[in-house]
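In: sharing a sequence plus its predicted fold:
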Amino acid sequence: MTTCTPSPLLAENVGSGCGENAYKCYQCKRCTSGCPVARYADMHPAMIMRAVQLGQLDMVFDDRFIWLCTGCETCTTRCPQGIDIAAIMDELKIIARRQGRIPAGTPSAAMLKLNYDSFVRWGRMWEVELITRDVLKRPGSAKNWFTLGPKMMLKGKVNPLLKKGDTLAMKRMVATAESITNARMAQQKKEAQS
Amino acid sequence: MSATMAYYPGCSLHGTSSEFDASFKATARALDITLQEIPGWECCGNTAAHSTNRLLSVALPVNELAKVEQDMRLDSVAVPCAACYSRFKIGPHEVAENAQTAADVRAVVGRPYNGGVEVQNLIDVYHDTVGLEALRARVTRPFRGLKVACYYGCLLTRPPKATLADDPEYPMHMDEVVKALGCEAVQWNYKTDCCGASLALTEQGIVDDLVKRIITDAHQCGAEAVAVACPLCQTNLDGRQLMIAKQHPDWKHMPVVFLSQMVGRAIGIDDKALGLQKHLVDVAAVMA
């Protein structure tokens, strides 16, 4: 990591979004030692926590770590300071998406978006739709599906049909949640400027 | 022990894990539990929700709980999918902890939720609602000492502040259930490690790596089968073994069965009704 764009507001924005105080981290690295995906990226949970404290946006958002986080919450369970580290990873994903800072080579970010759109559209996530849309976007991923997918279909493990949820209720809840969240964000921005 | 519970299947039990849905419902029926599916249920607020809009991810499970409490007038809900279960525990927990969240969630849901519904995962249903003694009394085809590694994965126990699991690092309730069925529960190291979850859709190499570690440890600790209580854990641990075997010709396949299928087999439910033929790694040898 050679780039450096410090933002003193990163930890504050994380805190106001998810209620967690990143400054409580004292780098014991229990989060990292239990993390199932730490070894697959340049950054790991304790490094992300330090970068958040120091406002190092590039270190956080140029690496693929936050997009590999499965949300298994091992870090959250073991943190001696009681920090919900997994919630901070979620908040960083939210900030990254808002700022358009999703690095190349992170198909998981696009998959999460497909998943979100799917349950907003149908009231429930439709797994077969996710896979179909993913293949249309990334034809290279098709080989992953044509190995196990047809076997699962033939065995009758997969039910390709969707039974919709209460889509009207879902649309109403999504609209209300998004408008409350946006209003709160605008208010924070105003407070930060004054 | 007859009971009536609301039932929240979630996407996976209707989609990629139909055998989980079928085997859970078959065992509930046989054990005198009446399940009433929540009408028009919606998404539980899964990973895509809580990494996109936090408020929505808390409101969605609370909305389902309000339906159970006020429309269905029931005081418990069975949530067999571990990921859904975790959201159903987190939602009311966040509402109870934070007044601002509570007000926001109430605005999104459109009515209050008064906390009157107990949320049970698959293990809770057998361990607590049915009870170990009553379960043991119903066993007609005991497993005769089959060595089983009980795999809890991530979200049956985490986060412990909300799930109040018996022990978040080394839980025992599933072990106690399989013992009641006549199995021997082996001690092993990967009980609560993550299987890679939805990375199976995008980062198959990582999931293969994680699954390889988990299954290898189960073998080394003497297990003949792995028992699971999560649809994604089952799909990953079962299906990815076929891909791992392509890279490792000496790979030894490990059957991965749902706890509900083991309970069903032990209380005498027909194999077909339990969906035993739907697994990619053959389970016939351990479920015979």
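Out: Okay, I see it. Numbering: from 1, shown residues only, chains lettered A, B, ... in the order given.

In: report the residue ranges of every domain in chain B.
Out: Structural domains of chain B, as assigned by automatic domain parsing, span the residue ranges B:3-120, B:141-287.

In: tabulate those (CSV), appending mean pLDDT, mean neighbour count and distance to residue A:47.
Out: All C-beta atoms are positioned from the backbone trio N, CA, C, and that covers glycine. Putting the domains of chain B into CSV (pLDDT from 0 to 100; neighbours: other CB atoms under 10 Å in any protein chain shown; distance: least, CB to CB, whole Å) gives the following:
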stretch, mean pLDDT, mean neighbour count, distance to residue A:47
domain B:3-120, 96, 22, 19
domain B:141-287, 96, 20, 18
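
In: export the ones you listed to CSV and append columns for distance to residue A:137.
Out: What follows is the domains of chain B, written out as CSV (distance: least, CB to CB, whole Å):
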stretch, distance to residue A:137
domain B:3-120, 16
domain B:141-287, 11
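
In: format these as JSON lines; extra columns: distance to chain A.
Out: Shown next, in JSON lines, are the domains of chain B (distance: least, CB to the nearest CB, whole Å):
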{"stretch": "domain B:3-120", "distance to chain A": "4"}
{"stretch": "domain B:141-287", "distance to chain A": "4"}
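
In: to residue A:74, which of these lies closest?
Out: For residue A:74, the closest of the domains of chain B is domain B:141-287, at 6.8 Å, according to CB to CB.

In: just the helices from the stretch 51-200 of chain B, written as ranges.
Out: For the stretch 51-200 of chain B, the helices defined by DSSP state H, counting those that start in this stretch occupy B:54-66, B:82-97, B:99-109, B:122-124, B:132-138, B:160-163, B:173-180.

In: possible to save those helices as JSON lines with distance to residue B:208?
Out: Written out in JSON lines, the entries for the helices of the stretch 51-200 of chain B read as follows (distance: least, CB to CB, whole Å):
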{"stretch": "helix B:54-66", "distance to residue B:208": "29"}
{"stretch": "helix B:82-97", "distance to residue B:208": "21"}
{"stretch": "helix B:99-109", "distance to residue B:208": "38"}
{"stretch": "helix B:122-124", "distance to residue B:208": "26"}
{"stretch": "helix B:132-138", "distance to residue B:208": "35"}
{"stretch": "helix B:160-163", "distance to residue B:208": "28"}
{"stretch": "helix B:173-180", "distance to residue B:208": "25"}
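
In: show me the one of these that comes nearest residue A:142.
Out: Using CB to CB as the criterion, the shortest distance between residue A:142 and these is 26.0 Å, found for helix B:82-97.

In: may I have that closest one as PDB, with CA atoms only?
Out: Once side chains and other backbone atoms are set aside, the C-alpha atoms of helix B:82-97 remain, and they are given as PDB (Å, rounded to 0.1, in the frame of the first residue of the first chain):
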ATOM      1  CA  ALA B  82     -29.300 -20.900  10.400                       C
ATOM      2  CA  ALA B  83     -28.800 -17.600   8.500                       C
ATOM      3  CA  CYS B  84     -32.500 -16.600   8.800                       C
ATOM      4  CA  TYR B  85     -32.400 -17.700  12.500                       C
ATOM      5  CA  SER B  86     -29.500 -15.300  13.200                       C
ATOM      6  CA  ARG B  87     -31.400 -12.400  11.700                       C
ATOM      7  CA  PHE B  88     -34.600 -13.400  13.700                       C
ATOM      8  CA  LYS B  89     -32.500 -13.200  16.900                       C
ATOM      9  CA  ILE B  90     -30.600 -10.000  15.900                       C
ATOM     10  CA  GLY B  91     -33.700  -8.000  14.900                       C
ATOM     11  CA  PRO B  92     -35.500  -7.900  18.200                       C
ATOM     12  CA  HIS B  93     -32.100  -7.700  20.100                       C
ATOM     13  CA  GLU B  94     -31.200  -4.400  18.200                       C
ATOM     14  CA  VAL B  95     -34.700  -3.000  18.800                       C
ATOM     15  CA  ALA B  96     -34.400  -3.800  22.600                       C
ATOM     16  CA  GLU B  97     -31.000  -2.200  22.800                       C
END
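
In: next, the angle from that helix to helix B:54-66.
Out: Between helix B:82-97 and helix B:54-66, the angle formed by their directions is 100 degrees, by axes from the mean of the first three to the mean of the last three CA atoms, to 10 degrees.

In: list the helices and strands helix B:82-97 packs on?
Out: In this structure, helix B:82-97 packs against helix B:10-14, helix B:54-66, helix B:99-109, strand B:118-120, helix B:160-163, helix B:231-247, with contacts taken as 3 or more CB pairs under 8 Å, 6 or more residues apart in numbering or on different chains; DSSP states H and E.
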